[in-house]
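J.: Structure of the sequence below:
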Amino acid sequence: MTVPEREAPLVGEVIVVDLGGYGVAAFGFELGEEGEVSRRAGRDNIDAALVAAGAHVDQRRFVVLVDRNPGVQSLLLFLGSHGAWQLIGAAPVSTGRPGRFDHFETPLGVFDHSISTPDFRAEGTRNALGIRGYGRKGARIYDFGWVIASKGWGDRERMAMRLQMHATDPDRLEPRLGTAQSKGCIRIPASLNEFLDRWAILDEDYEQEMNEGRRFWVLRADRAPTPWSGRYLVVVDSRQAAPVDPVVIPEP
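T.: As a prediction, this is how the structure comes out:
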């Protein structure tokens, strides 16, 4: 796999990622000035978070890192293993927006994407406000299960919330990506949702089960997995010195 090396800030640039014998994909960079700082620190953030969580990535795998810093609000996709990470691409996200009822801070930590909390797909239905919260019909919802997070309202105590990563309304909410807007989940662009889904970026556990003969309705027929499918979502806040909360990978 080859990716052009870049040291200058990457703002709105689209690069072509050569996946070796697995095809070619386009990935758009959407990093501002603060996001560029997060990019440079990302490699250290990943290793610190994984070590703190007791998670080991000894073979080359994809890892998704989300920086919830309000000035960053970006997802960075890395490929590599402990101590040797290469940035593949980045995109704007929306994490939790504290200060409103029923809105959580997106929790920090390392979250395992596994078949114990199966993914599902958006139905494309609209709520009472006419918003398609999960995006267009067929978009994949990455489900990380029940986690402990800080309430963004009232007493700010920690309690359980369902952590998901998903697309959002393409007309009314996707233009707001890059700012904190969600109730605690991670909203991503439809194009990134497609990228993660198509190339099986976080499907390591699914791939292992399929090798044992299992089949999953949620997996698309035209997917093109590489040997580097990963399983970890790392959420950090580049404003803070500590890489993760004490609570990291949730128990199944």
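J.: phi, psi of residue 211?
T.: When read as degrees, to the nearest 10, the backbone of residue 211 gives phi -60, psi -20.
J.: how close does it get to residue 205?
T.: Distance, residue 211 to residue 205, by Cβ to Cβ, to the nearest Å: 11 Å. The C-beta positions use only the backbone N, C-alpha and C, and glycine is treated the same way.
J.: now do residue 148
T.: Computed with Cβ to Cβ, the distance linking residue 148 and residue 205 is 22 Å.
J.: circling back to that earlier point, so residue 211 and residue 205 - more neighbours on which side?
T.: Neighbour count, other Cβ atoms under 10 Å: between residue 211 and residue 205, residue 205 has more, with 16 against 8.
J.: for the stretch 1-150 of the chain, what are the low-confidence residue spans?
T.: Applying pLDDT under 70 to the stretch 1-150 of the chain flags the ranges 1-41.
J.: what are the ranges of the strands in the stretch 101-250 of the chain?
T.: Using DSSP state E, counting those that start in this stretch, the strands of the stretch 101-250 of the chain run over 109-112, 120-121, 140-150, 158-166, 186-187, 232-236.
J.: what is the orientation angle of the fourth one with strand 140-150?
T.: To tie it back to what came earlier, the one meant is strand 158-166. Here strand 158-166 points in a direction 160 degrees away from that of strand 140-150 (axes from the mean of the first three to the mean of the last three Cα atoms, to 10 degrees).
J.: distance between strand 158-166 and the chain's centre?
T.: Distance, stretch centre to chain centre, for strand 158-166: 13 Å (Cα atoms, centre = their mean, to the nearest Å).
J.: just the first one next, same as before
T.: Strand 109-112 sits 10 Å away from the centroid of its parent chain (Cα atoms, centre = their mean).
J.: Please name every helix or strand in contact with that strand.
T.: helix 33-53, strand 140-150, strand 232-236 (3 or more Cβ pairs under 8 Å, 6 or more residues apart in numbering; DSSP states H and E).
J.: now the second one
T.: Under the contact definition 3+ Cβ pairs under 8 Å, 6+ apart, strand 120-121 sits against strand 140-150.
J.: who does the strand it packs on touch, helix- and strand-wise?
T.: Using 3+ Cβ pairs under 8 Å, 6+ apart, strand 140-150 sits against strand 109-112, strand 120-121, strand 158-166, helix 190-198.
J.: deepest of those, which one?
T.: Mean neighbour count (mean count of other Cβ atoms under 10 Å) peaks for strand 109-112 among the helices and strands packed on strand 140-150, with a mean of 24.
J.: okay, that strand in PDB with CA atoms only?
T.: Taking C-alpha atoms only, strand 109-112 is exported to PDB below (Å, rounded to 0.1, in the frame of the first residue of the first chain):
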ATOM      1  CA  GLY A 109     -11.100   5.600  25.300                       C
ATOM      2  CA  VAL A 110     -10.600   2.600  23.100                       C
ATOM      3  CA  PHE A 111     -13.700   0.900  21.800                       C
ATOM      4  CA  ASP A 112     -13.800  -2.500  20.300                       C
END
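J.: Let me know the distance separating residue 120 from residue 130.
T.: Between residue 120 and residue 130 the distance is 22 Å, computed by Cβ to Cβ.
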